[in-house]
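Engineer: just the structure for this:
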Amino acid sequence: MSTSAPQKTLSKIAAHRLQKELSEWQVNPPVGFKHKVTDNLQKWIIEVTGAPATLYANEQYQLQVDFPEHYPMEAPQVIFIQNAPLHPHIYSNGHICLDILYDSWSPAMTVSSICISILSMLSSSTVKARPPDNDRYVRNCRNGRSPKETRWWFHDDKV
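Structural biologist: The predicted structure follows:
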């Protein structure tokens, strides 16, 4: 069971776009990612494997991607589930501070491009640590608050 709020059904445009992305993914998945097949087009579970020669080499994580009614005009919600990686831009509740998931979202982006950006963010990290405000942020997110409700401050382009 997910803690996210109930979603409206996908628009025809969103459903068509997701079917197309899923078909393309099955033919050419991004390296290091595996889509776990379910019958829910609106929620994808994606297995992530850390890239070789990085701090996260061969470590396994899971992303949950929840698609809004008006995808791709609106960004999906993307969070790590279960044990989120220790990273300066990933909170212990799985929320990810990455501009393309919020302010810099473009309808031209796909699930594959999101995954590649997340893997790049993980791969470029030089330290395994939580964000400095992790405890306060997670405490403020109780009761299932979505990361899309956060006003993120994107200021660190080094990790």
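Engineer: please make it C-alpha for all contacts and neighbour counts, starting now.
Structural biologist: Fine.
Engineer: specify the local secondary structure of residue 39.
Structural biologist: Under DSSP: H, G, I helix; E, B strand; the rest coil, residue 39 falls in the coil class.
Engineer: can you pull the phi/psi pair for it?
Structural biologist: The phi and psi values for residue 39, taken as degrees, to the nearest 10, are phi -100, psi 10.
Engineer: quick one: it from residue 20, how far?
Structural biologist: 15 Å (Cα to Cα, to the nearest Å).
Engineer: can you check residue 83 too?
Structural biologist: 30 Å.
Engineer: one more: residue 120?
Structural biologist: Using Cα to Cα, one obtains 24 Å as the distance from residue 120 to residue 20.
Engineer: and what of residue 75?
Structural biologist: 17 Å.
Engineer: quick one: secondary structure of residue 80?
Structural biologist: Assignment for residue 80 (three-state DSSP): strand.
Engineer: hmm, it is touching residue 91, no?
Structural biologist: No - using Cα atoms under 8 Å, residue 80 is not in contact with residue 91, being 9.0 Å away.
Engineer: which stretches of the protein have low pLDDT?
Structural biologist: In the predicted model of the chain, residues 1-7, 143-159 satisfy pLDDT under 70.
Engineer: center of it - which residue?
Structural biologist: With distances taken as Cα atoms, centre = their mean, the residue of the chain nearest its centroid is residue 78 (2.9 Å).
Engineer: list the helices and strands the longest helix along the chain packs on?
Structural biologist: Longest helix in the chain, counting residues (DSSP state H): helix 12-27. If you count contacts as 3 or more Cα pairs under 8 Å, 6 or more residues apart in numbering; DSSP states H and E, helix 12-27 packs onto no helix or strand.
Engineer: so which bits of it are buried?
Structural biologist: 14, 15, 18, 22, 25 (16 or more other Cα atoms under 10 Å).
Engineer: distance from the chain centre to that helix, please.
Structural biologist: 17 Å (Cα atoms, centre = their mean, to the nearest Å).
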